[in-house]
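1. starting from these lines, generate the structure:
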Amino acid sequence: MIARLIFYRKIHQIETVLIFGTISRIAENRNLLILPIIR
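-> Okay, here's the model as predicted:
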C-alpha cells in the first residue's frame, strides 16, 4: 500500500513538473499576453 502511494505520488510530481514546464515555455513564447493577466 505505502509503496504504491509513493509510486503514484512520484508519477504525480513528474506530471506536475511537465505541466509547469510546458506552461513556462508557453509563457516565454507569449510573454506579452500573460504579463497583463499576472498583474
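2. the longest helix seen in the chain: how far from the chain's middle?
-> Identified as the longest helix of the chain according to DSSP state H is helix 2-29. Relative to its chain's centre, helix 2-29 lies at 5 Å (Cα atoms, centre = their mean, to the nearest Å).
3. now it: average pLDDT?
-> Confidence over helix 2-29 (mean pLDDT, whole number) is 88.
4. quick one: list the elements packing against it.
-> Contact analysis of helix 2-29 by 3 or more Cβ pairs under 8 Å, 6 or more residues apart in numbering; DSSP states H and E lists no helix or strand as a packing neighbour. Placement of C-beta: from N, CA and C, glycine included.
5. now do 10 Å
-> helix 31-38 (3 or more Cβ pairs under 10 Å, 6 or more residues apart in numbering; DSSP states H and E).
6. would you point out which residue is most central in this protein?
-> Phe20 (2.1 Å; Cα atoms, centre = their mean).
7. that one and Ile14, how far apart?
-> Using Cβ to Cβ, to the nearest Å, Phe20 is found at 11 Å from Ile14.
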